[in-house]
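1. give the three-dimensional model of this entry:
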Amino acid sequence: MILAANTRTALVAGGIAIAMVGLSYASVPLYRLFCQVTGFGGTPMVAAEGEAGSVLAVPGTSIRVRFDGNVRRGLPWTFAPSEPFVDLPVGERRMAFYRVTNHGDAPITGVATFNVAPEGAGPYFVKVQCFCFEEQTLEPGETVDMPVVYYVDPAILDDPESSRIEEITLSYSFFPVARKDQAAQEGGMAAIRARQP
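-> Model prediction:
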């Protein structure tokens, strides 16, 4: 009887531990999805081409959009906007370019994270197309101009807080992406080194 109770307790504790590990892995994608849907934390919204096509510019309005780009340590790329800012009529769709160059001696894949500031602009800054939606691979010495198509939703003008925003900064950070075969190879080498005296 005591053995059955101990077994049941161990199974429940094990199940809780497994559930907690599963939630920890799911929390990042769920948080990212939440931010993309709500604009929370300065995460820009994403619109389909058809939805974006129905948005019209509001005459007599303007917001400055400033562009920022950087790369994380370990990624031998330069990455910067083609122009530092534009003055954009609210609701008008525009295309901006970021230029990236791989200064490494091998093909490298990177992925860009992004946000907008101030945070209150997140729900109203809308991307239609963006290089940040996919991983980008550059050959050694390759330079590419990467586009982003965006607009500021006219609904920002009806928000008592956000309607006062005069400038929005769109910022990207590129990170290196570890390929599965590269990660497996590095993991195998680490295991071999660990076994060596």
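2. can you pull the phi/psi pair for the closest residue to residue 168 other than its chain neighbours?
-> Spatially, and ignoring its direct neighbours in sequence, residue 168 is nearest to residue 121 (4.5 Å; CB to CB, 6 or more residues apart in numbering). All C-beta atoms are positioned from the backbone trio N, CA, C, and that covers glycine. Residue 121 adopts backbone torsions of phi -80, psi -20, taken as degrees, to the nearest 10.
3. for residue 121, give me its contacts.
-> By CB atoms under 8 Å, 6 or more residues apart in numbering, the contact set of residue 121 is 42, 152, 156, 162, 165, 168.
4. how close does it sit to residue 150?
-> To residue 150, residue 121 is 12 Å away according to CB to CB, to the nearest Å.
5. with residue 98 instead?
-> With CB to CB as the criterion, residue 98 and residue 150 are 12 Å apart.
6. more crowded one of these two?
-> residue 150 (26 against 23; other CB atoms under 10 Å).
7. please name the residues that touch that one.
-> 44, 65, 93-96, 125-128, 130, 170.
8. residue 97 against residue 82, yeah?
-> Yes. Contact status for residue 97 versus residue 82: in contact at 4.3 Å, counting by CB atoms under 8 Å.
9. identify the contacts common to those two.
-> Residues touching both residue 97 and residue 82 (CB under 8 Å, 6+ apart): residue 145.
10. buried members of the contacts of residue 150 into ChimeraX, please.
-> Selecting the buried subset of these in ChimeraX, with 16 or more other CB atoms under 10 Å as the burial test, is done by:
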select :44,65,93,96,125,126,127,128,130,170
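11. any idea which of the contacts of residue 150 is least confident?
-> Lowest pLDDT within the contacts of residue 150 is found at residue 44 (58).
12. can you give me the helices for the chain?
-> Secondary structure of the chain by DSSP state H: the helices cover 2-38, 49-53, 180-195.
13. coming back round to it: save the contacts of residue 150 as JSON lines, and put in distance to residue 117 too.
-> Shown next, in JSON lines, are these (distance: CB to CB, whole Å):
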{"residue": "44", "distance to residue 117": "11"}
{"residue": "65", "distance to residue 117": "11"}
{"residue": "93", "distance to residue 117": "21"}
{"residue": "94", "distance to residue 117": "18"}
{"residue": "95", "distance to residue 117": "21"}
{"residue": "96", "distance to residue 117": "16"}
{"residue": "125", "distance to residue 117": "10"}
{"residue": "126", "distance to residue 117": "16"}
{"residue": "127", "distance to residue 117": "15"}
{"residue": "128", "distance to residue 117": "20"}
{"residue": "130", "distance to residue 117": "17"}
{"residue": "170", "distance to residue 117": "9"}
